[in-house]
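Student: with the input below, show me the fold.
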Amino acid sequence: MRRVELAKKDSQRRIQRSDGSPNPPSSAPPEGIETHGGEEKEGNSHSGFLATGPVHPITNDILNRFGPIRVTHESSEDALVPLMAGAIGLIVRGNTPVSRRVVEAGEQLRVIGRSGVGCDNVDLAAATARGIPVIYTPGAASRAVAEGAMAYLLALAKRLTELDAKTKSGHWRTRDQMQVYDLQGATIGIVGLGRIGQEFASLLKPFEMRVLASDPYVPIKQAERVGAELVDLERLFSESNFVVLVAPLTKETRGIVNRRLIELMKPRSVLINVGRGALIESLDVLFDSLKNGNLGAVGLDVFPDEPPDVSHRLFSQPNFLCTPHILGLSVSATRNIFRMMSEGMAAILDGKVPSNVVNPEVFQKQSVPSV
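Tutor: Residues are numbered from 1 along each chain as shown. As a prediction, this is how the structure comes out:
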């Protein structure tokens, strides 16, 4: 109890409205909270939604009729618990951890919205136990992530970042000293052949590559439709010149790419991860593999901990390319994600059952119309 009170007092020192004006005393939100749209009820310190990061304007357009959206940039459990008071909806951005304690702190909580596909940072058991549906956005950013993976593949195969740095520093003769690699005729392995994996496989067709894929949940015929041959992980890693990770993070896939698998790869192969950071055992494994020549290049849009510790030795390597978990946030994908999430949350609050619910078992004892 003491921890909650201290966190609440601390959060109340960081107040700000989205228009920069002071909040009226009767409805002053915690400091550092931006308020968007909706009408706040007189005397109520919070009604509406709490978002753990910025939201697209379309979210306000769709959810405005249910109450305002308060945006916090705090992500710790102790900070979130007092902010849950009065919230009917929680919008989860990025990897913000939503623990059982956070879920249970929302006494009026009716729905949780996740602006993405991965829900490993949300305590689904706690939400389900309380009958709270968790909305997610499958497919909303699949094309954007697939295009991002393609950009990584081309950039690393052609060594663009390394050659850019060499050219700008006056080392023109690098063109006679460094090799760039071909996609045509090479073998590429895709770990995870869901929506993103299939989109990516389709983008590869013009490059005339041999495409291997590993996914225990995808039928052979479905893989064949996108030009991929299903194989086990060991074979995929041992035969591929390039490996791209797009699998979701589950108990089975956490740390699935380890030192043993990478050692099976051909010398100077390329490894790209646009799925989830914890698919790879550690950054140490990647650094060691770059130094010993097992890997020729590594590309990461995702990390085990976000933001990552950029003092790690991996970040000093010229053949390491990285981005801040942004590939799924293209202009159209961002709008699609927030529209899909917001419409799902609105449907729940209207007493309906949308199709994009992670834990549909919460409706088993309810009689509500589907949408």
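
Student: and the longest helix seen in the chain, what's buried?
Tutor: Longest helix in the chain, counting residues (DSSP state H): helix 331-349. For helix 331-349, the neighbour count (16 or more other CB atoms under 10 Å) marks 333-334, 336-349 as buried. C-betas here are computed from N, CA, C, even on glycine.

Student: go on, stretch 48-67?
Tutor: Across stretch 48-67, burial judged by 16+ other CB under 10 Å covers 48-52, 55-56, 58-60, 62-64, 66-67.

Student: please name the nearest non-neighbouring residue to L236.
Tutor: Residue nearest to L236 in three dimensions, not counting chain neighbours: G189, with 3.9 Å by CB to CB, 6 or more residues apart in numbering.

Student: distance between whatever helix or strand the one you found lives in and the chain's centre?
Tutor: For G189, the enclosing helix or strand under DSSP states H and E is strand 187-191. Relative to the chain's own centre, strand 187-191 is displaced by 21 Å; criterion: CA atoms, centre = their mean, to the nearest Å.

Student: can you name the two of the buried residues of stretch 48-67 that are farthest apart?
Tutor: T52 and N64 (19.0 Å; CB to CB).

Student: the strand or helix carrying D284 packs against which elements?
Tutor: Assigned by DSSP H and E, D284 belongs to helix 283-291. Applying 3 or more CB pairs under 8 Å, 6 or more residues apart in numbering; DSSP states H and E, we find helix 283-291 packed against helix 259-263, strand 295-300.

Student: now the end-to-end length of stretch 136-144.
Tutor: 17 Å (CA to CA, to the nearest Å).

Student: nope, stretch 233-253 is what I meant
Tutor: End-to-end span of stretch 233-253 (CA to CA): 11 Å.

Student: buried residues, that stretch. List them.
Tutor: So for stretch 233-253, counting by 16+ other CB under 10 Å, buried means 233, 236-249, 253.

Student: kindly indicate which of the residues you listed lies nearest L283.
Tutor: For the buried residues of stretch 233-253, the nearest to L283 is L245 (14.2 Å; CB to CB).

Student: quick revisit: average model confidence for the longest helix of the chain?
Tutor: Mean per-residue pLDDT for helix 331-349: 98.

Student: need the contact partners of that helix.
Tutor: Applying CB atoms under 8 Å, 6 or more residues apart in numbering, the external contacts of helix 331-349 come out as 55-56, 58-59, 61-63, 66, 88-89, 91, 110-111, 113-116, 133, 135-137, 140-141, 143-145, 328-329, 353-354, 356-357, 371.

Student: beyond the helix or strand harbouring A149, next helix or strand please.
Tutor: Per DSSP H and E: A149 is located in helix 142-157. Sequence-wise, the next helix or strand downstream of helix 142-157 (DSSP H and E) is helix 160-168.

Student: chain center to that following helix, what's the gap?
Tutor: Distance, stretch centre to chain centre, for helix 160-168: 29 Å (CA atoms, centre = their mean).

Student: so which of the contacts of helix 331-349 belong to helices?
Tutor: The helices, defined by DSSP H, take in 58-59, 61-63, 143-145 from those.

Student: can you redo those residues as CSV with pLDDT and distance to S289?
Tutor: What follows is these, written out as CSV (pLDDT from 0 to 100; distance: CB to CB, whole Å):
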residue, pLDDT, distance to S289
I58, 98, 42
T59, 98, 41
D61, 97, 47
I62, 98, 45
L63, 98, 45
R143, 98, 30
A144, 98, 28
V145, 98, 24
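
Student: TSV for the residues you listed, including distance to V310?
Tutor: Shown next, in TSV, are the ones in helices among the contacts of helix 331-349 (distance: CB to CB, whole Å):
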residue	distance to V310
I58	33
T59	31
D61	37
I62	36
L63	35
R143	29
A144	25
V145	23
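
Student: just these now: which is nearest P267?
Tutor: V145 (28.4 Å).

Student: relative to M209, how far out is that closest one?
Tutor: From V145 over to M209 the distance is 19 Å, taken as CB to CB, to the nearest Å.

Student: same question, V98
Tutor: V98 is 40 Å from M209, where distance means CB to CB.

Student: go on, I272?
Tutor: Where M209 is concerned, I272 sits at a distance of 14 Å (CB to CB).

Student: so between these two, which is more surrounded?
Tutor: Each of I272 and M209 has its neighbours counted (other CB atoms under 10 Å); I272 has more, 25 against 21.

Student: and the more buried one, that one's in a strand?
Tutor: Yes: counting by DSSP: H, G, I helix; E, B strand; the rest coil, I272 is found in a strand.

Student: can you get me a residue count around N292?
Tutor: Count around N292 with other CB under 10 Å applied: 11.

Student: what pLDDT does it get?
Tutor: At N292, the model reports a pLDDT of 96.

Student: other residues contacting stretch 201-214?
Tutor: Outside stretch 201-214, the residues that touch it by CB under 8 Å, 6+ apart are 146-147, 150, 183-193, 197, 223, 226-233, 235-236, 239-240.

Student: out of the residues you listed, which end up buried?
Tutor: 146-147, 150, 183, 186-193, 197, 223, 226, 228-231, 233, 236, 239-240.

Student: contacts for the helix holding A149?
Tutor: 160-161, 180-183, 188, 195-196, 199-200, 202-204, 242, 244, 246, 270, 272, 274, 297, 299, 301, 319, 321, 323, 326-330, 332-333.

Student: now do it against strand 295-300, angle only.
Tutor: 150 degrees (axes from the mean of the first three to the mean of the last three CA atoms, to 10 degrees).
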